[in-house]
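>>> coordinates only, sequence not included:
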């Protein structure tokens, strides 16, 4: 079984393309296992199901957590889907795919080869990586933006453990609080709140240079290096309650920057995605 391994802003994912959608929870558990599988924060099952009589691609994606459970796709994983679709000639730089009942739009904004590279007049061909001057030993890095529609605030803020918490729907539920220092992160409380609200739980630290965020991911059931929807929720809450600048720098604990901006009720989340390697998994 052929697979591809990607890293988006610190979180890693395994992608496998199939001819049809199917339940693949047990496969996700095997592939995401870091001791006996490939190892990943999540598994992306992708299929291109063209509509009869149409030449348009119809990309269908199922996202699985490491324990094999299905969940709405994360922002980081959505960035990976966009890059995979572009590399595999399933899409141009503007990508659209379906995940459960949602349609996700994304854009490949450019590539990094150690210098600034934009699309310009460059075209893809079968030697995709060589177009951008990258040897076979260098991961291909793209900057990708994805859109999550219908951002909602879910109820009023609440106090817990001495902190005010805010709950937002950004693709999935996210609970966020603001602290003076990220050392205030409480893993036990994050676990409890995640179970209570079926949500990611984020701690955000504001400073003169921007905002840093630590997140416990509901699907992964652990703290992760990066969570795009968690950072987007921190941005939205910061703008609403703490006079956060519209152009604030947002960063995750991996140190990578994640861009966030709002277009009406749509959250636009961007970051760097690296195509690490491809392989053949023998189950």
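Alright, I've got the coordinates. These numbers were taken from a predicted model, which means no experiment stands behind them.
>>> what residue ranges in the stretch 151-283 of the chain score low on pLDDT?
283 (pLDDT under 70).
>>> Would you state the helices of the stretch 101-250 of the chain in chain order?
All helices of the stretch 101-250 of the chain, identified by DSSP state H, counting those that start in this stretch, fall at 128-131, 187-197, 228-241.
>>> Run through the residues that contact residue 161.
Residue 161 sits next to 186, 189 when contact means C-beta atoms under 8 Å, 6 or more residues apart in numbering. Placement of C-beta: from N, CA and C, glycine included.
>>> ok, then the element right after the helix or strand containing residue 83?
Residue 83 is located in helix 75-87, with elements delineated by DSSP states H and E. Following helix 75-87 in sequence order, the next helix or strand is strand 94-99 (DSSP H and E).
>>> That next one packs against which elements?
Contacts defined by 3 or more C-beta pairs under 8 Å, 6 or more residues apart in numbering; DSSP states H and E place strand 94-99 against strand 59-64, helix 75-87, strand 102-112.
>>> distance between the shortest one and the chain's centre?
Averaging C-alpha positions (C-alpha atoms, centre = their mean, to the nearest Å) puts strand 59-64 13 Å from its chain's average.
>>> repeat for the longest one
Offset of helix 75-87 from its chain centre (C-alpha atoms, centre = their mean): 8 Å.
>>> Ok, the last one next?
The chain centroid and the centroid of strand 102-112 are separated by 11 Å, computed with C-alpha atoms, centre = their mean.
>>> That one versus helix 75-87: what angle between them?
Going by axes from the mean of the first three to the mean of the last three C-alpha atoms, to 10 degrees, strand 102-112 is angled at 70 degrees with respect to helix 75-87.
>>> coming back round to it: out of the helices of the stretch 101-250 of the chain, deepest packed?
Comparing these by mean neighbour count (mean count of other C-beta atoms under 10 Å), helix 228-241 comes out on top with a mean of 25.
>>> do you know how far residue 233 is from residue 29?
Computed as C-beta to C-beta, to the nearest Å, the residue 233 to residue 29 distance reads 28 Å.
>>> related to what we said a few turns ago, how about the helices and strands packed on strand 94-99 in TSV, adding distance to residue 215, mean neighbour count and mean pLDDT?
Shown next, in TSV, are the helices and strands packed on strand 94-99 (distance: least, C-beta to C-beta, whole Å; neighbours: other C-beta atoms under 10 Å; pLDDT from 0 to 100):
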stretch	distance to residue 215	mean neighbour count	mean pLDDT
strand 59-64	17	23	96
helix 75-87	11	28	95
strand 102-112	20	18	89
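>>> And the ones you listed: which comes nearest residue 204?
Closest of the helices and strands packed on strand 94-99 to residue 204 is helix 75-87, at 15.9 Å (criterion: C-beta to C-beta).
>>> Could you say which helix or strand holds residue 28?
helix 25-32.
>>> what does that helix contact?
3, 14, 16, 36-43, 45, 64-70, 281, 283.
>>> now, which of those residues lie within strands?
3, 14, 16, 42, 43, 45, 64 (DSSP state E).
>>> list the contacts for residue 166?
Contact analysis of residue 166 by C-beta under 8 Å, 6+ apart lists 153, 157, 175, 176, 177, 233, 237, 240, 241.
>>> Which strand residues bridge the fourth one?
Residue 176 forms beta bridges with residue 166, residue 202, as assigned by DSSP bridges.
>>> wait, what's in contact with it?
165-168, 201-204, 213, 230, 233-234, 237.
>>> Show me which pair in those is furthest apart.
The span of these, defined through C-beta to C-beta, is set by 167 and 213 at 15.6 Å.
>>> In terms of neighbours, single out the busier of the two.
Taking neighbours as other C-beta atoms under 10 Å, residue 167 and residue 213 compare with residue 213 leading, 24 against 20.
>>> Report the contact partners of that one.
176, 202-205, 227, 230-231, 234, 250-253.
>>> Kindly reformat these as JSON lines containing distance to residue 144.
Compiled in JSON lines, the contacts of residue 213 are given as follows (distance: C-beta to C-beta, whole Å):
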{"residue": "176", "distance to residue 144": "23"}
{"residue": "202", "distance to residue 144": "21"}
{"residue": "203", "distance to residue 144": "25"}
{"residue": "204", "distance to residue 144": "23"}
{"residue": "205", "distance to residue 144": "25"}
{"residue": "227", "distance to residue 144": "16"}
{"residue": "230", "distance to residue 144": "17"}
{"residue": "231", "distance to residue 144": "15"}
{"residue": "234", "distance to residue 144": "20"}
{"residue": "250", "distance to residue 144": "15"}
{"residue": "251", "distance to residue 144": "17"}
{"residue": "252", "distance to residue 144": "15"}
{"residue": "253", "distance to residue 144": "20"}
